[in-house]
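> here is the input, now give the coordinates:
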Amino acid sequence: MISNKIENIIVKFLTNQASASELTALELWIQDSENKALFDEFVKINYAIEYNMKEFDSHKIISKLSEAFAREKKERKLKKLRKVIYYSAAAVVLGILTMGYFYRTSFFQQPAVVPVIVNNTINKGTDKAILTLEDGSVVTLEKDKVYKKDNVVSNGKELVYNKNQGKSELVYNYLTIPRGGQFQIKLADGTKVWLNSESKLKFPVAFAEGSVREVELIYGEAFFDVSPSSEHKGAKFKVLNKNQEVEVLGTEFNIKAYKDEDKIYTTLVEGKVAVSGFNSKKYMVPNQQTIINLKNGAMTINPIDAYNEVLWTKGIFSFKSKNLKEIMTVMSRWYDVQVVFQNAELEKVKFNGVLSKNDNIKEILTIIKKTNFINDYEIKDQKIIIK
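Numbering: from 1, shown residues only. Predicted coordinates:
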């Protein structure tokens, strides 16, 4: 079984984010034949395209990895190392994502089609948010922009509130993440929250001492690393939403509750939580996910790879058995674009893949196009048309 630490390094390697020390650790680990087999299986299962992988050549992937290590030892210079790892990792990911393409086109030759790109102004997402204070005033938070006022400070990536002063009167602020944005916040009790694109959180400036600590995820997606109740005189922590309530004692979990989706997903990474909604209540353990169907109120609980579900907080898109519509929904929020499918059947095509949130949208679309399941794409202003 692969440890979370090694799994994290493998994912970083595949997305061109592994440091020199991490690569060294991976090199030592993969020298063991059993570990090499685990590496082979992990990449094959998690990061190959599900429908296209008729063949899987693990030797090529491990060869690329070996080349990167060999060049690291030879050059011993960080700049050169980063360049080597960049091209090696890119080759590995592209190889994984396009093997099925070459398999298919060896039988079905098709003329190359050049994508139509008109006035392409699509940019990747960045750190940005809107802070609404208790008096209704609005503060724009942006990458590399410092903000300070009273008990709160921001470095352009994270908003930090001073340690809880135990005030009896609750005063609320709101943090809104627009499409194409992301941001982090450290609440007054020490709880850390990562907010994804198109999300909104309501929270108190300070929590009342001894009372239940409550915040509200009004909509969107957020990952919570909750300060334990033992540090707050036993006070529980709750995350409210108009359709559910999550109660915790100290844990890490993810909630996805977007306005335009008919399901709410709660994924537990560590600890224990109780999820309530529509007259149902379920207790979760790590690597479980509850799904509330907003159409009929049904609540289900399923086993899941929680680590894979929260990779977005580390700057990684991880898609495991996701259809193209789900993938494009995620992309539309991060790149702030509209996606249209000319053929509705394409929405159902499923993929496994891992990509960096720093990738250009054209690079991602080109990779998908090489799978041979879409014929073409067109970019026009802030709209992507899948053909």
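
> can you give me the neighbour number for residue 231?
12 (other CB atoms under 10 Å). (C-beta placed from N, C-alpha, C; glycine too.)

> identify the residues contacting it.
By CB atoms under 8 Å, 6 or more residues apart in numbering, residue 231 lies in contact with 189-190.

> tell me the SS of the residue nearest in space to the middle of the chain?
The residue lying closest to the centre of the chain (CA atoms, centre = their mean) is residue 312, at 1.5 Å. What DSSP: H, G, I helix; E, B strand; the rest coil gives for residue 312 is helix.

> how about the contacts made by it?
Counted by CB under 8 Å, 6+ apart, residue 312 has contacts 196, 221, 223, 318, 357.

> so which of the residues you listed is the closest to residue 274?
residue 223 (18.3 Å; CB to CB).

> the closest one falls within a strand, correct?
Yes. Counting by three-state DSSP, residue 223 is found in a strand.

> and it, how far from residue 266?
Per CB to CB, to the nearest Å, residue 223 is found 11 Å from residue 266.

> try residue 232
Residue 232 is 22 Å from residue 266, by CB to CB.

> so the two - more neighbours on which side?
residue 266 (25 against 22).

> in the stretch 101-250 of the chain, where is pLDDT below threshold?
101-120, 164-168 (pLDDT under 70).

> sorry, back to before: so which of the contacts of residue 312 is the most crowded?
Result: residue 221 is most packed of the contacts of residue 312 (other CB under 10 Å), 24 neighbours.

> touching, that one and residue 193? I think so.
No. If you go by CB atoms under 8 Å, residue 221 and residue 193 don't touch, sitting 10.8 Å apart.

> what touches both of residue 223 and residue 266?
Counting by CB under 8 Å, 6+ apart, the shared contacts of residue 223 and residue 266 are 253-254.

> now the helices for the stretch 201-350 of the chain?
Ranges of helices within the stretch 201-350 of the chain are 306-309, 324-335, based on DSSP state H, counting those that start in this stretch.

> same for the last one, what does it pack against?
Taking 3 or more CB pairs under 8 Å, 6 or more residues apart in numbering; DSSP states H and E as contact, the helices and strands that helix 324-335 lies on are strand 316-323, strand 338-341, strand 350-356, helix 361-370, strand 383-386.

> and those, which is most packed in?
Comparing the helices and strands packed on helix 324-335 by mean neighbour count (mean count of other CB atoms under 10 Å), strand 350-356 ranks first with a mean of 21.

> okay, angle between that one and helix 361-370 too, please.
Here strand 350-356 points in a direction 150 degrees away from that of helix 361-370 (axes from the mean of the first three to the mean of the last three CA atoms, to 10 degrees).

> roughly how far apart are residue 354 and residue 5?
17 Å.

> now swap in residue 276 and tell me
Distance from residue 276 to residue 5, by CB to CB: 34 Å.

> higher neighbour count, the two?
The residue with more neighbours, out of residue 276 and residue 5, is residue 276; 16 against 11, by other CB under 10 Å.

> how about the nearest residue to the more buried one, chain neighbours excluded?
Distances taken as CB to CB, 6 or more residues apart in numbering put residue 245 closest to residue 276, at 4.6 Å, once the chain neighbours are dropped.

> the one you found reaches residue 279, doesn't it?
No. Applying CB under 8 Å, one finds residue 245 not in contact with residue 279, separated by 12.0 Å.

> the two - which one has more neighbours?
Neighbour tally, residue 245 and residue 279, criterion other CB under 10 Å: the higher count belongs to residue 245, 16 against 7.

> show me the contacts for the more buried one.
By CB under 8 Å, 6+ apart, the neighbours of residue 245 are 238-239, 275-277.

> for residue 185, state which of the residues you listed is nearest.
residue 239 (13.2 Å).

> now the closest one: how far from residue 264?
11 Å.

> how about residue 189?
Counting by CB to CB, the gap from residue 189 to residue 264 is 24 Å.

> how about residue 365?
29 Å.

> describe which strands the strand or helix carrying residue 200 pairs with in its sheet and in which direction.
For residue 200, the host element (DSSP states H and E) is strand 199-204. Sheet pairing of strand 199-204 (DSSP bridges) gives strand 172-177 (antiparallel), strand 213-225 (antiparallel).

> show me the beta-bridge partners of the nearest residue to residue 199 once chain neighbours are set aside.
With sequence-adjacent residues excluded and distances taken as CB to CB, 6+ apart, residue 199 is closest to residue 220, at 2.4 Å. Beta-bridge pairing for residue 220 (DSSP bridges): residue 257.

> what of residue 383?
Note on residue 383: beta-bridge partners residue 338, residue 380, judged by DSSP bridges.

> ok, now residue 160?
residue 153, residue 186.

> report the separation between it and residue 344.
46 Å.

> residue 2: what secondary structure?
Following three-state DSSP, residue 2 is assigned to coil.

> not counting sequence-adjacent ones, nearest residue to it?
Residue 2's closest residue in space is residue 38 (CB to CB, 6+ apart), at 5.4 Å.

> helix, strand or coil for that neighbour?
Secondary structure of residue 38, per three-state DSSP, is helix.

> test my guess that it contacts residue 10.
No. The criterion here is CB under 8 Å, and residue 38 misses it with residue 10 at 9.6 Å.

> fine, thanks again, bye for now.
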